[in-house]
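Peer 1: 3D model of this:
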Amino acid sequence: MSPGTDSTTPPDSDRLRAVLVTGLSGAGKSSAMKALEDLGYETIDNVPLSLLTAVLSPEADRTAQGIAINVDSRSRGFATDQFLRRIATLRDRPDLDLQVLFLDCSEVVLAQRYTETRRLHPMAQGRPVTDGIALEQQLMHDVRDDADEVIDTTLLSTNDLKRLIAGRFPLDEHIGLSVTVMSFSFKKGVPREADLVLDVRFLANPHWVLELRPGTGRDAQVAAHIVADPAFAEFDERVTGLLGFLVPLYRREGKSYLTIAFGCTGGRHRSVFMAERIGRVLREGGHRVTVIHRDTVFA
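Peer 2: Purely as a prediction, here's the structure:
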């Protein structure tokens, strides 16, 4: 018997992997469910709260390795206190590996999404969209605080969200640490999901070189300009050494996800270069890594 297990707890391979997807309307729950389906999860949308326990019953007939269930404010019989009680009970099940994923988004972007699609917010009930958003934020506040994982989709593209989901909820190797390395622009805000944030605005900025400005941190000439900065070599050595020390410790302690974010002014040159570089270094070290460039679109 391995350390940390007992006769009443099945090994991880025998536990049903379940992801309960919840969050704010318009924050990307449908995209998250589709991404989980693509990974091989059996997906069930908008399950009434009263049926949640039955759907996850050990006697339920299923062949998939994992199941993803959407329960949110639209679900029949939804109430925050009842939801949290049911989740607490399910987390105690030895045969179940349950994680609650909460999709969040800023009020401004949610309102913009509803305006663009001309959809009605489920909680607006004839009032302005912003009223419905505010009501749902209040209703889901404690659910967000109780979630195992929160993803803020305010500045994420659908493809970036899918990459995050794939990195954090794989069925084939979900035991261990999944590392996401992200680039971002400080002008648009620090990623809320970041565990470690590194500011690289002190490095030489390719933006001020006219022939380099249209490029990105993926381009060889841009990379050469950054590497030529006298401060780069020592910074790179210190960062790779720090992460080489920390990441195995996070893995040893059982942390499932680690997000490392590199930020610069525009999120196009220095942060992109460092995210690509550190992602490559961590992969070479045997870690499972997803690289995301939040604020740069590549042709």
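Peer 1: which residues in the stretch 151-299 of the chain form helices?
Peer 2: With helices called from DSSP state H, counting those that start in this stretch, the stretch 151-299 of the chain shows them at 158-168, 220-227, 232-252, 270-284.
Peer 1: and the third one, how far from the chain's centre?
Peer 2: So that's helix 232-252. 22 Å (Cα atoms, centre = their mean, to the nearest Å).
Peer 1: now do it, average pLDDT.
Peer 2: Helix 232-252 shows a mean pLDDT of 94 in the predicted model.
Peer 1: same check on the first one?
Peer 2: Here helix 158-168 scores 88 as its mean pLDDT.
Peer 1: which residues touch it?
Peer 2: Helix 158-168 is contacted from outside by 28, 31-32, 34-36, 38-39, 149, 151, 153, 156, 178-180, 256-257, 288-290, 292, 294, using Cβ atoms under 8 Å, 6 or more residues apart in numbering. All C-beta atoms are positioned from the backbone trio N, CA, C, and that covers glycine.
Peer 1: change it to 6 Å
Peer 2: Helix 158-168 is touched from outside by 28, 31-32, 35, 153, 178, 180, 257, 290, 292, with contacts defined as Cβ atoms under 6 Å, 6 or more residues apart in numbering.
Peer 1: related to what we said a few turns ago, out of the helices of the stretch 151-299 of the chain, deepest packed?
Peer 2: Mean neighbours per residue, mean count of other Cβ atoms under 10 Å, is largest over the helices of the stretch 151-299 of the chain for helix 270-284, with a mean of 22.
Peer 1: that helix to helix 220-227, inter-axis angle?
Peer 2: 90 degrees (axes from the mean of the first three to the mean of the last three Cα atoms, to 10 degrees).
Peer 1: rewinding a little: so which of the contacts of helix 158-168 is the closest to Leu52?
Peer 2: Of all those, Ala32 has the smallest distance to Leu52: 17.5 Å, by Cβ to Cβ.
Peer 1: for that closest one, give me its contacts.
Peer 2: 21, 103, 165.
Peer 1: repeat the analysis, applying 7 Å as the threshold.
Peer 2: When contacts are counted by Cβ atoms under 7 Å, 6 or more residues apart in numbering, Ala32 touches 21, 101, 103, 161, 165.
Peer 1: which of the helices or strands spans it?
Peer 2: Using DSSP states H and E, Ala32 falls within helix 29-38.
Peer 1: quick one: strands adjacent to the helix or strand following that helix?
Peer 2: Later in the chain than helix 29-38, the nearest helix or strand by DSSP H and E is strand 42-44. Counting by DSSP bridges, the strands paired with strand 42-44 are strand 66-70 (parallel).
Peer 1: quick one: mean pLDDT over the next helix or strand after the partner strand.
Peer 2: Going down the chain from strand 66-70, the next helix or strand is helix 80-91, by DSSP H and E. Regarding helix 80-91, the rounded mean pLDDT is 94.
Peer 1: show me what helix 80-91 is packed against.
Peer 2: If contacts are counted by 3 or more Cβ pairs under 7 Å, 6 or more residues apart in numbering; DSSP states H and E, helix 80-91 sits against strand 96-104, helix 129-146.
Peer 1: repeat that with 6 Å
Peer 2: Here helix 80-91 touches no other helix or strand, going by 3 or more Cβ pairs under 6 Å, 6 or more residues apart in numbering; DSSP states H and E.
Peer 1: got any ranges where the chain has weak pLDDT?
Peer 2: 1-13, 60-63, 173-176, 299 (pLDDT under 70).
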